[in-house]
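A.B. asks: Pasting a predicted model and its sequence here:
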Amino acid sequence: MILILKPNTDPESPEWAQLTRHLDSLEDITWTKHEIEGTEQRLTEIYLLGNTKALSPLAMQGLPSVERVVRVQNSYRILGRHGHDDRQNGFTYNGLRFDQDSLHVFAGLCAVDTEEHVERMMQALQEHGQQTTRMGAYKPRTSPYSFQGHGAACLPYVFDLAGKYDIKVIAMEVTHESHVEEIDAALEASGRPTGVMLQIGTRNTQNFELLKAVGRQSVYPVLFKRGFGITLDESLNAAEYLASEGNPNVVFTLRGVKTSMGDPHRNLVDFAHVPVVKRLTRMPVCIDPSHSVGTRDVAPDGLSDVMHATAQGVIAGANMVLVDFHPVPSKALVDGPQALTIPELEWYLEDVAIARDAYLKRREAARSRQVSGHPAE
Ligand code: PEP
Ligand code: MN
């Protein structure tokens, strides 16, 4: 059960003291407090665990400071939507808002290779008004003999350059909890000129100990990738580990699933699940067209498959796009064949804007018809 408190409830107030005294007195019930920083207000939610079936929602509704009571299903207790649950979602990080209405493009290097390539990428992003990027330092590779990423060694110049080009958030994969400490130490040493969204890759979707460790910190939000060979339900449950440990600032990424039916793409593109994840959970949804499609091939209409897949996700309401670019794809140490090039960045962003505009019009049309739920309901 979740108690949603009145906005901006003061933890020093007598009502708060009365409420927590009452919660402490409940038998077989433990509770935790979660703060959600919205654009206009701070929202406090209280999660009750244990024998909550014995509690009367009506009685809980009458407690001081409580605005609303939500009965949760067993799945995705914190990140999920429960019933007709229209609670505020998302978070603000380093000045940027991430929720189910926002849209950010994280174009950048799959793997950091040279300082020069990082600089050329970030400079191009700034020239095109972008404040977000992707930069892989720790790479989970299929073969132990492949380039594993520069790791901590590249962080100082990546963060310094991000500061120079006004990049606010970098998506960066971590494959071990020590990487979070290395990122934190490097950011601190460089004076925190930028922010990092910690990425959990598809190979680690169910690495529960990593999820728990990343979930125990809430300094950095998390970009969580769907597992490529498990059900959507299993991936959503895995994301919940982050929130259950204390960090609900999670963006859920669709990146395609492994099946030979996806041929000739690297994975079968699953962006029809954008609205599904938005319906089942309150997480912003990211799409990764590069790791889904896996090539730079161009269709007869002149648009690359990566651009087509991007538009499909954005027109379905995606909130973030993670996409591989590289100044010289032939020299990229990881995933060069799927990277778009810097001269294509302007066109790519224009194409995203077209798809976004179409999505907003479609959403407006739905609202003007006041369609709530399924028309057949
Ligand atoms: C990546 O984004 O660099 C990556 C390795 O993706 P995935 O985990 O989806 O394969
Ligand atoms: Mn990659």
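C.D. replies: Looks like it came in fine. Ligands and ions are numbered 1, 2, ... in the order given.

A.B. asks: Do a quick rundown of the strands in the chain.
C.D. replies: 2-5, 29-37, 42-50, 66-70, 91-93, 96-98, 104-108, 132-134, 169-173, 195-200, 222-225, 250-254, 285-287, 320-324 (DSSP state E).

A.B. asks: Turn the ones you listed into TSV, including distance to L349.
C.D. replies: (C-beta placed from N, C-alpha, C; glycine too.) Output for the strands of the chain, formatted as TSV (distance: least, Cβ to Cβ, whole Å):
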stretch	distance to L349
strand 2-5	38
strand 29-37	28
strand 42-50	33
strand 66-70	38
strand 91-93	21
strand 96-98	16
strand 104-108	7
strand 132-134	12
strand 169-173	17
strand 195-200	20
strand 222-225	20
strand 250-254	20
strand 285-287	15
strand 320-324	10
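
A.B. asks: wait, isn't M121 in contact with L345?
C.D. replies: No: look at M121 against L345 with Cβ atoms under 8 Å: they stay out of range, at 9.1 Å.

A.B. asks: returning to that earlier point: could you dump the strands of the chain into CSV with mean pLDDT and distance to ligand 1 added?
C.D. replies: What follows is the strands of the chain, written out as CSV (pLDDT from 0 to 100; distance: least, Cβ to the nearest ligand atom, whole Å):
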stretch, mean pLDDT, distance to ligand 1
strand 2-5, 93, 31
strand 29-37, 86, 27
strand 42-50, 89, 30
strand 66-70, 93, 32
strand 91-93, 95, 19
strand 96-98, 97, 17
strand 104-108, 98, 10
strand 132-134, 98, 7
strand 169-173, 98, 6
strand 195-200, 98, 6
strand 222-225, 98, 5
strand 250-254, 98, 7
strand 285-287, 98, 10
strand 320-324, 98, 6
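
A.B. asks: In TSV, list these along with distance to ligand 2 and mean neighbour count.
C.D. replies: Shown next, in TSV, are these (distance: least, Cβ to the ion, whole Å; neighbours: other Cβ atoms under 10 Å):
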stretch	distance to ligand 2	mean neighbour count
strand 2-5	37	22
strand 29-37	32	14
strand 42-50	36	18
strand 66-70	38	16
strand 91-93	23	18
strand 96-98	22	19
strand 104-108	11	25
strand 132-134	9	27
strand 169-173	9	25
strand 195-200	11	25
strand 222-225	11	26
strand 250-254	13	27
strand 285-287	14	26
strand 320-324	6	26
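
A.B. asks: Of those strands, which is nearest P337?
C.D. replies: strand 320-324 (9.7 Å; Cβ to Cβ).
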